[in-house]
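>>> I need the structure of the sequence given here:
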Amino acid sequence: MENAIYASLNRQAGLMSELRVIANNIANASTTGFRKEGVVFAEHVKALGGGEPSLSMAMASGRLVNLEQGGLKRTGGTFDLAIEGDGFFMVQTPSGQQLTRAGNFTPSPEGELVTADGYPVLDTGGSPIPVPPGTRSFAVAQDGTLSADGTPVAQIGLFAASDPSRLIHAGDNRFSTTTPPQPLEGGRIFQGFLEDSNVAPVTEIARMIEVQRAYEMGQSFLDKEDARIRAVIQSMTR
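So this is what the prediction gives:
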């Protein structure tokens, strides 16, 4: 029966991790460019020998980022940009280059295009994008070409994650990756739009209720097993 307790404890730990992930998804349901996560469970089976049945342990072994497209919302902002299809913008942060789908950019006092956090947005060659001061109008073509008063000045880069399974949330809407991103051809950028989070709140709340019930069932089993063991110990020490 001790094996059943260990298996249940592993399951409980995994369910608790999933609850935290779901709660984070719900908290970011309105975060621009946010990508929801899911927990990946793995089963580990070990033969016990001696005619005993094998022992199975379920563990939350990792997280998977859902890259499904979010809805595009028109804002009319000159530097609000949204990607249709695959790909990410690349930004330079103190922790290195990171990927994002959040295109709520703005010109910096230094004349560069930056994120809401002040991180430079990078072009196709990995360099900061200049925003010439004094320009009266800016236009961004669907291929990412940024024009100032009708003159092209840079091309906003679109990049693909070499291995999407290795994307790691580095902020509410940024990702780091252990493999270098690759330039993406054929992506489309829309000026004056922002991409919504791809979280469906109703679906996430329903999943949270399901996981909570599973956790409560596991806790009920552990409580009953604890009571049984205590009763056995008390009867043996009388």
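>>> which other helices and strands does the longest helix along the chain contact?
In terms of residue count, the longest helix belonging to the chain (DSSP state H) is helix 201-236. Judged by 3 or more Cβ pairs under 8 Å, 6 or more residues apart in numbering; DSSP states H and E, helix 201-236 is in contact with helix 2-27. C-beta: built from backbone N, CA, C; applies to glycine.
>>> buried sites along the helix it packs on?
Neighbour-count burial for helix 2-27, counted by 16 or more other Cβ atoms under 10 Å, picks out 7-8, 10-12, 14-15, 17-19, 21-22, 24-25.
>>> which strands and helices sit next to the following helix or strand past that helix?
Sequence-wise, the next helix or strand downstream of helix 2-27 (DSSP states H and E) is strand 37-46. Helices and strands touching strand 37-46, by 3+ Cβ pairs under 8 Å, 6+ apart, are helix 2-27, strand 55-65.
>>> against residue 133, how distant is residue 31?
Distance, residue 31 to residue 133, using Cβ to Cβ, to the nearest Å: 31 Å.
>>> run through the chain and note the low-pLDDT ranges.
1-3, 43-44, 55-61, 238 (pLDDT under 70).
>>> still on that earlier bit, save the buried residues of helix 2-27 as a markdown table, and put in distance to residue 170 too.
What follows is these, written out as a markdown table (distance: Cβ to Cβ, whole Å):
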| residue | distance to residue 170 |
| --- | --- |
| 7 | 34 |
| 8 | 34 |
| 10 | 28 |
| 11 | 29 |
| 12 | 28 |
| 14 | 24 |
| 15 | 25 |
| 17 | 19 |
| 18 | 21 |
| 19 | 22 |
| 21 | 16 |
| 22 | 20 |
| 24 | 13 |
| 25 | 16 |
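>>> start to end distance for stretch 72-79?
With Cα to Cα, to the nearest Å as the measure, stretch 72-79 spans 15 Å from end to end.
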